[in-house]
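Participant: Provided below for reference: sequence and predicted model.
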Number of protein chains: 4
Amino acid sequence: MPLSPDQQAEIDAQRGQTHTTRRATAEGMEKHLYTAHPVLDHGFVRVIDYMGDDAAICQAARVSYGRGTKSVQNDEGLIRYLMRHWHSTPFEMCEIKLHVKLPVFVARQWIRHRTANVNEYSARYSILDREFYIPARDALNAQSVVNNQGRGAALSGEEAERVLRYLRDDAMRCYDHYEEMIGQDGQQGLARELARMNLPANIYTQWYWKTDLHNLLHFLRLRADKHAQYEIRVYADTICNIVADWVPAAYRAFADYRMGGATLSATAIDCVRRMLKGEVVTQETSGMSKGEWREFEGVLNDPA
Amino acid sequence: MPLSPDQQAEIDAQRGQTHTTRRATAEGMEKHLYTAHPVLDHGFVRVIDYMGDDAAICQAARVSYGRGTKSVQNDEGLIRYLMRHWHSTPFEMCEIKLHVKLPVFVARQWIRHRTANVNEYSARYSILDREFYIPARDALNAQSVVNNQGRGAALSGEEAERVLRYLRDDAMRCYDHYEEMIGQDGQQGLARELARMNLPANIYTQWYWKTDLHNLLHFLRLRADKHAQYEIRVYADTICNIVADWVPAAYRAFADYRMGGATLSATAIDCVRRMLKGEVVTQETSGMSKGEWREFEGVLNDPA
Amino acid sequence: MPLSPDQQAEIDAQRGQTHTTRRATAEGMEKHLYTAHPVLDHGFVRVIDYMGDDAAICQAARVSYGRGTKSVQNDEGLIRYLMRHWHSTPFEMCEIKLHVKLPVFVARQWIRHRTANVNEYSARYSILDREFYIPARDALNAQSVVNNQGRGAALSGEEAERVLRYLRDDAMRCYDHYEEMIGQDGQQGLARELARMNLPANIYTQWYWKTDLHNLLHFLRLRADKHAQYEIRVYADTICNIVADWVPAAYRAFADYRMGGATLSATAIDCVRRMLKGEVVTQETSGMSKGEWREFEGVLNDPA
Amino acid sequence: MPLSPDQQAEIDAQRGQTHTTRRATAEGMEKHLYTAHPVLDHGFVRVIDYMGDDAAICQAARVSYGRGTKSVQNDEGLIRYLMRHWHSTPFEMCEIKLHVKLPVFVARQWIRHRTANVNEYSARYSILDREFYIPARDALNAQSVVNNQGRGAALSGEEAERVLRYLRDDAMRCYDHYEEMIGQDGQQGLARELARMNLPANIYTQWYWKTDLHNLLHFLRLRADKHAQYEIRVYADTICNIVADWVPAAYRAFADYRMGGATLSATAIDCVRRMLKGEVVTQETSGMSKGEWREFEGVLNDPA
């Protein structure tokens, strides 16, 4: 349960207020504002603020005096053109601010995306809550045998049970000691900035995270990808749904050119040309390594 | 005259529309939205969009669930604390998007501030207008004799006249030739991306420029400073007025700690301590160079 | 002629000095150090400093204690893997510092790449030289009729002559007046920061420009592309040759995956799959716009 | 003990190699290259590579053709001028690459400095070592009673003992379970990317971290400050010593203007002026809050 009743009440109060503005407003985004979309067992993503919409992308690309939009069809064509030709600056003209609650080990991956603004809950200043990510049974996987940094099949019953027990018990014990160490009843109480070092990486933290649409899409391309770790991918998937409502045309272009697209090397393009002329190309005759060839086949094979 | 009637009509149309939003709204900023504030002879600054207000700074600093503000007085205290201790991330949670029309030589200084998003009017794609910055008489100054990169006294009459004549005539002639070169009547017409090279640096360009409040304040500190070139300072001054209406508490803290403040070196602080104990400190006994001492005296001397 | 005898002597003196270092040293780069590679009529690119080599990319990817390299073949495989999977951080571990002399209108495109460090020659502080870019006859092209921001066929004789005359005469006249305005013989002399506004955009400026290999390759992909403006492309081409000597394995991977590669949309991949199954796909049945289809055909058609 | 014999041997082997280079070489830095300076109980900082020296700062500021230095005294004057007037770009022309081993909770603070390049040891791909930061007895402090995010007096004996026992025992138990979970003897073995979540924040990680001198000095100003958490401050102190040997003139200017300097608000400057005229100013008559006044007194009071 990601929210306490007090927190929910605070959110509801803010969500209940409306204002009149001259700013560009995205209807599809207004409905998301402040709502906490649950992710994992205690986490969430919620939109705190946003700037711009599909039209704002076109307005900036055209450096317009007024709204700068033409027909909706015309605007979507421009957005597709900009996406296809790697124009980044018009997409940077939209901005989003999220409040995210997430396990620390996910936060450590996430923060690697540097072009963003972040205010994280401070464990030097405040006391963290007793909330830890414990994977669901179907998210407990073995180390992959083909990919050194991936996961393979689900763990079998007994082994899975033991893992869950370790994760739960260690988290609880570490948190008990954290509380004991900082307690000031009959003792001085260890500084919070020190005590936090006893907490494992599945404890939840939270932050305000703000970025522009261009950098957000880059984040989503990497983190909503099937090779991303499941625990960050579910956050990315949630944000994808929000972006699809916020800037539908930009999201469609992103889905076609980035998420569903693929980059082929010069060697791979040459192979496609040869295959289209009827040549039977194999890994041996392709000029690609085994790994590249496997990825190339993955692109060409119909997923159906 | 910065705006054509068509442009003004486009702006008015956009300004006339209002929407309902759940987002934080800054009353003082709504009145500025879209209005073109004139700067120099043909330039302007106008706000296209904004995100956040004073309360949003506190909300992010507190990583709040709701609005996150307490009393107005309490919020202002927090903002002053954050500014004083160089906390940058809460100020990054506010964002502004401007449409600016400005001479190219000003744009070249401005763009050096890298942490911003920019879409500039493309002279590869479009034809620039015949608009050049010609300084007013009282902005025509001689090279400074004390500062290698500043300006000194106003030019005297005849010399000033000649300068203005050169600037006007060269601009007009260069633009005439620009038009002739790209013209397609009875000739092929030079590519725009080439023809633009004939235009002097006082021609106007325009761009959409978006940045966060922290980086904006940094820009303003450097560009609204008395040592900044006059032609960029008037843009910074205009933006200062806008920011004062947008986030009044943050702007007051900025005015006190940054614009009106001063950084003293360890050597200078030591001199202040000695002076407060009654010692008469001179440049020779101060440990400072002549330049440093002059600046130090500038800080200590009452401007009145 | 990009260099004066004095400048050449300064460069030669620096080039003549060698030092002993423990740092990773790239043989192929040492030969380039300081040498001014001429570009356009008065411009150049020269390497001032560099950090790292191919092995440094692997060393960082492996977070190694020692040199961190294994066999050369193994290293090249790792570099190709990193490039193919969009790992950017290991390439960021190499750095280059260039001294570039270039026309102002080229500098204005170049500076849009924000993740770089720049020190530009100051026309507030110093006097610019009388050096302007005047295109060679075969670089004088008409506006493209198919691409709004490109150039088409070469201009024919008489028109070309007139363009060259305008460019030369306007540059000389504007510079004459620049000199007159800042002169202090018998007058006060206009401030340099003002006088520079009279200079057209084909005047040369120069800067020190420093960036990491990842961002450099991104710059090269966009600016060495056939759609880039010729006047910046020749700089990018020169830098490509330098990078090929500096980090040969990384450059080969870049040439294969980026410069020679192509990104296909989900729609385009689907078309390739259909074509490989024997279906005849046309623009009408492709699901692509005419522009997309033209670009898609450009990828599939053998350039030979 | 931060290094294993194998690691030390790898370092020694790399340190033993020298090359000839035309690049600017800083004698004071060469002696540091690769040497692991121990920090905390298992951590270290070592220089992997560097670019530039004091002269390179001046060379860039002057956009020189050759070495660009004048007399050493002249160069130091220029560096002091640049530092005093907040010129950042010449300092960005020097670059440093470090290999750092540090506890995860320190890494989480450190990574907040975004303008840097980072390759961290991957716990998705590799297995972390059993190395945890356990504070020395004199670094075990109570929560500060005056500063919500600081630490106060050292913990007394018995309480300190219990804290150390908790930290040690929890770390060992969590690591035992981490090893058990990923083990593949008689079981599938949990994916590393999941198992790592059981490890507390005092476990050591390591990374290659590269940044420019301007951003490094900003990092040092904040993290070598007495208000920074002790565990990151000791890393900053170590780096300060390295920088002092690398770019001595820049470091002296930094020590005078930044580390030893102070920024006074407009209000504070006004108080100094009044005090120098003989007025007795108190907090009540100062216009400052209690917190500001306390900090102001801290600046004015002689530390001796």
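Facilitator: Thanks, I have it.
Participant: going by C-alpha atoms from here, please, whenever you check contacts or count neighbours.
Facilitator: OK.
Participant: which SSE is the residue nearest to residue A:38 when sequence neighbours are not counted in?
Facilitator: Spatially, and ignoring its direct neighbours in sequence, residue A:38 is nearest to residue A:44 (4.3 Å; C-alpha to C-alpha, 6 or more residues apart in numbering or on different chains). Counting by DSSP states H and E, the element that carries residue A:44 is strand A:43-51.
Participant: list the contacts of residue A:16.
Facilitator: residue B:22 (C-alpha atoms under 8 Å, 6 or more residues apart in numbering or on different chains).
Participant: ditto for residue A:178
Facilitator: The contact partners of residue A:178, taken as C-alpha under 8 Å, 6+ apart, are A:195-196, A:198-199.
Participant: mark which of those are buried, thanks.
Facilitator: A:195-196, A:198-199 (16 or more other C-alpha atoms under 10 Å in any protein chain shown).
Participant: out of those residues, who's nearest residue D:212?
Facilitator: Taking C-alpha to C-alpha as the measure, residue D:212 lies nearest residue A:196 of the buried ones among the contacts of residue A:178, at 31.0 Å.
Participant: and that closest one, how close does it get to residue A:190?
Facilitator: 10 Å (C-alpha to C-alpha, to the nearest Å).
Participant: same deal with residue A:48?
Facilitator: Taking C-alpha to C-alpha, one finds residue A:48 at 35 Å from residue A:190.
Participant: quick check, pLDDT for the residue of chain A most remote from its centre.
Facilitator: The outermost residue of chain A relative to its centre, with distances by C-alpha atoms, centre = their mean, is residue A:186 at 44.2 Å. Note on residue A:186: pLDDT of 92.
Participant: right, and residue A:49 touches residue B:53 too?
Facilitator: No - applying C-alpha atoms under 8 Å as the test, residue A:49 and residue B:53 come out as separate, 11.1 Å apart.
Participant: which one's the longest helix in chain A?
Facilitator: The longest helix of chain A (DSSP state H) is helix A:157-182.
Participant: which ones are touching residue A:260?
Facilitator: Residue A:260 sits in contact with C:265-266, where contact means C-alpha under 8 Å, 6+ apart.
Participant: which of the contacts of residue A:178 fall within helices?
Facilitator: Among the contacts of residue A:178, the ones falling in helices (DSSP H) are residue A:195.
Participant: among the contacts of residue A:178, which pair sits farthest apart?
Facilitator: Most distant of the contacts of residue A:178, by C-alpha to C-alpha, are A:195 and A:199, 8.0 Å apart.
Participant: residue closest to the middle of chain A?
Facilitator: Nearest to the geometric centre of chain A sits residue A:236, at 2.7 Å (C-alpha atoms, centre = their mean).
Participant: what about the residue lying closest to residue A:286 once chain neighbours are set aside, neighbour count?
Facilitator: Closest residue to residue A:286 apart from its sequence neighbours, by C-alpha to C-alpha, 6+ apart: residue A:271 at 6.3 Å. Residues lying near residue A:271 (other C-alpha atoms under 10 Å in any protein chain shown) number 22.
Participant: now do the contacts for residue A:67.
Facilitator: Neighbouring residues of residue A:67 by C-alpha under 8 Å, 6+ apart: A:55-56, A:59, B:10, B:14.
Participant: please flag which of those sit within strands.
Facilitator: With strands taken from DSSP state E, there is no overlap with the contacts of residue A:67.
Participant: out of those, which comes closest to chain D?
Facilitator: residue A:56 (27.8 Å; C-alpha to the nearest C-alpha).
Participant: need the buried ones among the contacts of residue A:178 in CSV with pLDDT and distance to residue B:37, can you?
Facilitator: Formatted as CSV, the buried ones among the contacts of residue A:178 follow (pLDDT from 0 to 100; distance: C-alpha to C-alpha, whole Å):
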residue, pLDDT, distance to residue B:37
A:195, 97, 53
A:196, 98, 51
A:198, 98, 56
A:199, 98, 54
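Participant: which of the contacts of residue A:67 count as buried?
Facilitator: A:55-56, A:59, B:10, B:14.
Participant: which of these fall in helices?
Facilitator: Per DSSP H, these map to helices at A:55-56, A:59, B:10, B:14.
Participant: and which of those is nearest residue C:159?
Facilitator: residue A:59 (36.6 Å).
Participant: now the longest helix of chain A, how far from the centre of its chain.
Facilitator: With C-alpha atoms, centre = their mean, to the nearest Å as the basis, helix A:157-182 stands 27 Å off its chain's centre.
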